Structure formats: structure tokens, C-alpha cells
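Novice: here is a sequence with its predicted model. Questions after.
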Amino acid sequence: MFEWNPAYTNAFIAIVYTAIGFAAYWFIAESNSIKKNYFNNGNDEQNQVRYVVFQKLVGVFFLGIIPAVYFLSSTQYSLAKLGLQLGDYKRSLMYIAGMSVLILVMNYFASSNPKNLERYPQMRLKEWNKKRIAADASSWAAYLLAYEFLFRGVLLFVCVDAFGFWPAVAINLSLYSATHIPKGPGETFGAVVFGLLLCYITVSTQSIATAFFAHLTMALSNEFFSVHHHPEMKFV
């Protein structure tokens, strides 16, 4: 009953690390003591930019760099086998185009919801110039690449190899939806549907490209549509 199956070693490490790695990222990025250090001179808008970029870089380290270093150095996996490749790029482009249009339309209207405007954009800036837009977009891109590399790359592909597609999807959706609990029931249950679609597309194309670009489109469109709808914010 308690005998260890060596075939499960990589999957076991991927599952445990996803839980621990995301927890480490979350508690450091959301630490009140660290936040106070960024705002000890007042709620200056430049401090807002620095703090949010810091949060994203913590995610890059725990969700991307650490698992990449381990799996590339200690297992037979390469970046390509973990989904960091073009794969079936024609299908990926088709999925990216279709999902992006749908996401943009949905987010334009959903982003005007007062509850959404209380949380987004994450940088609470009254004026958004090109430099601030670039900082926001690039930090989101780096963070989401690391995020998708962990969830739709390492966790999904390693578990598919060990357990097959559907058990891997069940594991993936459980952990993926759990990471959205602090954001409320809407995003938590929405993550199940969105995550299932991304798991199917990722395995069928052998690439995290669609997952990354769809997630990035969702994040950035929500950020910038929220600026557009927010009565106290504007692009300059």
C-alpha cells in the first residue's frame, strides 16, 4: 500500500512544488510588512509601480525560475517537453485569435463593474503614461509566462506523462482554481472552465503559447479597460 512507484516521482514533485511554490509567492508578494516598506514615505504613485512590479517578479522567481532550474537539471525534461515551444503553431494561432476576440469583448463590459474597479488595475494610478503602461504590461507578461510555465507546462505535462490526460487535468484544475480563491467565487469557478479549455489546448498543441497569450490578453485588457472605465484614472 505504501510502496513507492518511481514512475510517479516527477509528478509528485511537480504537484507538491506547485502548491508550495505558489504559497511562497503569495505570502511574500502579499506580505503587509514588505508592503509597508514600499509605502513608508506615503502612497506615492511611483511606489505603486515599484510595489506591483516587485510582486510580479516574486512570481517569476517562484513560479518560473525555480521549477525550470530543477526540472531542466534533475530530470529528462527539456523546455520543449514542458510546453515552452511553438508546437502546432497554426492551431495555436487559431485558438489565440478566437479567444482574444472573445476575451476583449467580454472584458470591455465586465471591467466596468464597480467591484472589478475596486481591485483593478492593480497599480492605483491616476495618470497612466507610456512608461507606466510599459511597466505594467511587461511585468504582467513576465509573471504570466512563469505562471503558465508552472501550471500548464510543468504541472500539466509531467502529470500527463505519469497519470494520463484526465487525472492530470483534475489535478491541474484543483490547484489552479484554488489559487483564485482570494479573488472571490467568480474568478475561482471561472478558473475551472477556463483552465479546462487551456489544458485541452495546451496538450493538443504541445505548447503553452495559447494559454500564455489568452491569459495575457485577459489580464491586460482588464487592466486597461478598467483604467478607461475608472472615474479617477486616465491615459495621458
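Specialist: Received, thanks. Residues are numbered from 1 along each chain as shown.
Novice: next, count neighbours for the nearest residue in space to Tyr108 that is not next to it in sequence.
Specialist: The shortest distance from Tyr108 to any non-neighbouring residue, by CB to CB, 6 or more residues apart in numbering, is to Phe225 (5.4 Å). C-beta coordinates here come from the backbone N, C-alpha and C atoms, glycine included. Phe225: 20 surrounding residues under other CB atoms under 10 Å.
Novice: helix, strand or coil for Phe225?
Specialist: helix (DSSP: H, G, I helix; E, B strand; the rest coil).
Novice: from Pro231, how far off is it?
Specialist: 14 Å (CB to CB, to the nearest Å).
Novice: ok, back up a step: the residue nearest to Tyr108 reaches Asn107, doesn't it?
Specialist: Yes: contact between Phe225 and Asn107 holds when scored by CB atoms under 8 Å: they sit 5.5 Å apart.
Novice: let me see the ranges of the strands in this protein.
Specialist: According to DSSP state E, the chain carries its strands in the segments 127-128, 234-235.
Novice: okay, now the sheet partners of the first one, with direction.
Specialist: I take that to be strand 127-128. Within its sheet, strand 127-128 is paired with strand 234-235 (parallel), according to DSSP bridges.
Novice: contacts only, for the residue nearest to Tyr108.
Specialist: Applying CB atoms under 8 Å, 6 or more residues apart in numbering to Phe225 gives the contacts 107-108, 111-112.
Novice: next up, phi/psi of the closest residue to Phe71 other than its chain neighbours, please.
Specialist: Nearest residue to Phe71, sequence neighbours excluded (CB to CB, 6+ apart): Tyr77, at 4.8 Å. Here is the backbone geometry of Tyr77 (degrees, to the nearest 10): phi -80, psi 140.
Novice: pretty sure Tyr77 contacts Ala68?
Specialist: No: assessed by CB under 8 Å, Tyr77 is found out of contact with Ala68, at 9.7 Å.
Novice: quick check: end-to-end length of stretch 121-141?
Specialist: One end of stretch 121-141 to the other measures 15 Å (CA to CA, to the nearest Å).
Novice: rewinding a little: for the buried ones among the contacts of Phe225, write the corresponding PyMOL selection.
Specialist: Applying 16 or more other CB atoms under 10 Å to the contacts of Phe225 leaves a buried subset, and the PyMOL line that selects it is:
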select buried, resi 107+111
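Novice: tell me the one among the contacts of Phe225 nearest to Val154.
Specialist: Nearest to Val154 among the contacts of Phe225, counting by CB to CB, is Asn107 at 27.7 Å.
Novice: so the closest one is in contact with Met218, correct?
Specialist: Yes: taking contacts as CB under 8 Å, Asn107 lies within contact range of Met218: 6.6 Å.
Novice: this protein: helices as residue ranges?
Specialist: Using DSSP state H, the helices of the chain run over residues 9-29, 32-38, 45-59, 66-74, 89-110, 114-119, 130-148, 156-163, 165-178, 185-205, 209-229.
Novice: want to try a markdown table for those helices, with mean pLDDT as columns?
Specialist: Shown next, in a markdown table, are those (pLDDT from 0 to 100):
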| stretch | mean pLDDT |
| --- | --- |
| helix 9-29 | 97 |
| helix 32-38 | 91 |
| helix 45-59 | 94 |
| helix 66-74 | 97 |
| helix 89-110 | 95 |
| helix 114-119 | 91 |
| helix 130-148 | 97 |
| helix 156-163 | 97 |
| helix 165-178 | 96 |
| helix 185-205 | 93 |
| helix 209-229 | 96 |
